[in-house]
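S.K.: Test case, fold it:
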Amino acid sequence: MEQRAAEQPPRIRARVPAQGRAEAARGRHPADADGAQRVPAAPAPGSDSRGDTGPAARPHAVAAPPPAAAVRKPQRHSVRAQVLAALRDSLLSGELAPGAVYSAPALAESFGVSPTPVREAMQQLAVEGAVEVVPNRGFRVAERTPRDLAELAEVRAMLEIPAVLRLARALPPERWEELRPSAAATVTAAGHGDCVAYAEADRAFHRALLALTGNRQLTLVADDLHRRAGRPCGGATAGVADLLADAADHMALLDALAAQDPALAERILRDHLTSARLPH
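M.R.: Numbers count the residues shown, from 1 in each chain. Modelled structure (predicted):
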């Protein structure tokens, strides 16, 4: 069921820098940190390319933006990147509810920016499968079914487990110690019970793990699958016990790899990837 919009949607206090807002209002944005061009994704067939509310919109069926405290203020150079990071956090925390439709102009008003960077960020999320374009109304947050999550976990296991086992045979035990700080970061996030921060640390650990293969494409594809497999935490925080148990898998995996026990490492990684405890 789509959520009704509040008559007066609250403003989100996580605003972008004033310079970025001015540039966004003029229709341009600071360059991304990597200097890459941004190519907007093609809209769905028959859709309004703006992913926006139009004359035929039904305002009562469009959800209000999340409350101010829900969106963090990521430190990015471009307005689009800031908005994209904030929207991703809100998707993970569940503040942007699965099945709800959000209007780009309403979200833009909450962020204090023009609709353009919000539409661009939402189009990127549509490419990633996190939202769907709803013609003349906005963007609907995708709903992951148990089957979707199981299939994503299976594909991740097919990619990550063989890669890690190849590394286990090729790397000396001391190389695994390089990943201890990344694994420790997941334990720290887990100890705070912050599901959003944990999800970010978990992805960082898996990226660092696969980066040891030297295969950039493998790392990028696996990271995209990891992001797609994310699902709302059911609130801004999750149970500390579940988070700590999941973080412990990272430490246990490194212990098994350092001990040159590939069978144990495979079992730990497979259980970790297919666990239903958390939104991997």
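S.K.: Does Phe205 touch Ala184 like I think?
M.R.: No: using Cβ atoms under 8 Å as the test, Phe205 is too far from Ala184 to be in contact (9.6 Å). For every residue, glycine as well, the C-beta is placed using N, CA and C.
S.K.: tell me the mean pLDDT over the helix or strand that contains Val155?
M.R.: Using DSSP states H and E, Val155 sits in helix 146-170. Averaging pLDDT along helix 146-170 yields 94.
S.K.: of Phe205 and Ala184, who's got more company?
M.R.: For Phe205 versus Ala184, neighbours defined as other Cβ atoms under 10 Å are more numerous around Phe205 (22 against 15).
S.K.: can you pull out the helices in this structure?
M.R.: Ranges of helices within the chain are 18-25, 79-93, 104-111, 115-127, 146-170, 180-191, 195-211, 216-228, 240-258, 262-274, based on DSSP state H.
S.K.: I'd like those helices laid out as TSV, including distance to Arg137.
M.R.: TSV is the format used below for those (distance: least, Cβ to Cβ, whole Å):
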stretch	distance to Arg137
helix 18-25	22
helix 79-93	17
helix 104-111	10
helix 115-127	12
helix 146-170	23
helix 180-191	36
helix 195-211	27
helix 216-228	24
helix 240-258	36
helix 262-274	36
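S.K.: Out of the ones you listed, which gets nearest to Phe139?
M.R.: Within the helices of the chain, the stretch nearest Phe139 is helix 115-127; the backing value is 4.7 Å (Cβ to Cβ).
S.K.: Report the mean per-residue pLDDT for the closest one.
M.R.: Across helix 115-127, the average pLDDT comes to 93.
S.K.: angle of it against helix 79-93?
M.R.: 50 degrees (axes from the mean of the first three to the mean of the last three Cα atoms, to 10 degrees).
S.K.: ok, and for helix 115-127, which residues are buried?
M.R.: Within helix 115-127, the residues scored as buried using 16 or more other Cβ atoms under 10 Å are 115-126.
S.K.: Might one say that Ala157 is in contact with Asp271?
M.R.: No: counting by Cβ under 8 Å, Ala157 does not reach Asp271; the two are 10.1 Å apart.
S.K.: okay, these two: which has more neighbours?
M.R.: More crowded of Ala157 and Asp271, by other Cβ under 10 Å: Ala157, with 16 against 12.
S.K.: wait, what's in contact with the more buried one?
M.R.: Counting by Cβ atoms under 8 Å, 6 or more residues apart in numbering, Ala157 touches 269-270, 273-274.
S.K.: can you tell me how far it sits from Ala197?
M.R.: Separation of Ala157 from Ala197 (Cβ to Cβ, to the nearest Å): 25 Å.
S.K.: same check, this time on Ala204
M.R.: Going from Ala204 to Ala197 by Cβ to Cβ gives 11 Å.
S.K.: and the two? which has more neighbours close in?
M.R.: When neighbours are counted by other Cβ under 10 Å, Ala204 and Ala197 differ, and Ala197 comes out ahead with 20 against 16.
S.K.: Quick one: residues contacting that one.
M.R.: Ala189.
S.K.: Ala211 now?
M.R.: Going by Cβ under 8 Å, 6+ apart, Ala211 touches Thr219.
S.K.: Point out where this structure drops to low pLDDT.
M.R.: In the prediction, the chain carries residues with pLDDT under 70 at positions 1-77, 234-238, 276-280.
S.K.: let's see it at 80
M.R.: Within the chain, the ranges that satisfy pLDDT under 80 run 1-77, 230-239, 275-280.
S.K.: okay, now the domains of it?
M.R.: Following automatic domain parsing, one finds the domains of the chain at 18-141, 146-274.
S.K.: just the ones you listed: most buried one?
M.R.: Neighbour counts (mean count of other Cβ atoms under 10 Å) averaged over each of the domains of the chain peak at domain 18-141, with a mean of 19.
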